[in-house]
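A.B. asks: What would the 3D arrangement of this be:
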Amino acid sequence: MASVRRSRIWKEGMICPECGNDVLVYDPKSGEISCPSCGYVVQERGVDRGPEWRNLDEEEDRSRAGAPLSIMYRDHGLSTVIDRIDEDATGRRLPKETREKLLRLKKLDATSQVSASEARNLQQAVNILQIYVDKLHLSQAIAERAMLIYRKALKEGLVRGRSIRSIMAAAVYAACRLMGAPRDLRELEKAYPIVKRKTIAQGYRLLLKHLNLKVPVADPAIYLNKIASKVGLEQETVQEALKILQEAHKKGATIGKDPVGMAAAALYMACQEKNQPITQKDIARAAGVTEVTVRNRFKGLKEVLEEQTMH
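C.D. replies: Here you go, the predicted model:
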């Protein structure tokens, strides 16, 4: 009862016709203006949008709202089943017209549902997506975007003749990049080794070509903290590597290069400038690339920065 009183608002300027009290109470839930002295309802307004029960037990939740709609479900969480029943609630047989109407509704409902093969396809795709979500610690927003991309690919017929897991992996990779939280192809392969990097890349190019996805180019800077944390580098070194990448970006040295390799090379260069004893092998292992990649990208960065110093 205390919660009810807190929701009420004292209203002045009106008089109770029953007892003459000039201080009434307005209840925003029911829209009623009543007298607190005699209980007379002076004005009824609006519709009571509260539940039809009184929840006397604070711990019991009797709300009837279901789960929110989600693209993760085959039917978005709204499933309907019309059973073939010829009797009403009292057990009496339904009239012929009613039975025929229900039969037509049942047929319409069945034709509006997705096919059994498509339902199995989507269910298998959701199971694979859940593996990536768990292993890569992806957010719900990324998971839903990946499922949306997969549904579009399924509608366009891109899954036909290809494995579900390869298209789903490509959709996850695309969703991560679209949502600004890119994952490397090596990470996806490690999360689900059945699907190889080459297969994911092929599926990703297929999605870009047919679904017209506008995927931004991955910024190497977003990989700096991840690599630095694995080898225990200080934030000062990360900031120095960030400056190196910014200078390289101005010169166009990062275009067309693997962002992870560029981030690893920038960190290695920053370590050398800060006199930190980190080898190329340590950086390469933390970034998940080869030492050759780090060495080549390091040479490229060094040449670009030396040219800038000379000018």
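A.B. asks: what about the strands in the protein?
C.D. replies: For the chain, applying DSSP state E gives strands covering 9-12, 23-27, 32-34, 41-44.
A.B. asks: I'd like those strands laid out as TSV, including distance to residue 274, mean pLDDT and mean neighbour count.
C.D. replies: Where C-beta positions appear, they are placed from N, C-alpha and C, glycine not excepted. Converted to TSV, the strands of the chain look like this (distance: least, CB to CB, whole Å; pLDDT from 0 to 100; neighbours: other CB atoms under 10 Å):
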stretch	distance to residue 274	mean pLDDT	mean neighbour count
strand 9-12	64	63	10
strand 23-27	67	82	18
strand 32-34	72	83	19
strand 41-44	75	81	14
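A.B. asks: so which of those strands comes closest to residue 146?
C.D. replies: Closest to residue 146 of the strands of the chain, according to CB to CB: strand 23-27, at 46.6 Å.
A.B. asks: partners of that closest one in the sheet?
C.D. replies: Here strand 23-27 has these sheet partners by DSSP bridges: strand 9-12 (antiparallel), strand 32-34 (antiparallel).
A.B. asks: For residue 70, find the nearest of the strands of the chain.
C.D. replies: Nearest to residue 70, of the strands of the chain and by CB to CB, is strand 23-27 at 35.5 Å.
A.B. asks: How about the contacts made by the residue nearest the centre of the chain?
C.D. replies: Against the mean C-alpha coordinate of the chain, by CA atoms, centre = their mean, the closest residue is residue 141 at 1.0 Å. Residues near residue 141 by CB atoms under 8 Å, 6 or more residues apart in numbering: residue 179.
A.B. asks: Over to residue 248?
C.D. replies: By CB under 8 Å, 6+ apart, residue 248 lies in contact with 254, 262, 266, 301, 304-305.
A.B. asks: Out of those, list just those in helices.
C.D. replies: Mapping those onto helices (DSSP state H) picks out 262, 266, 301, 304-305.
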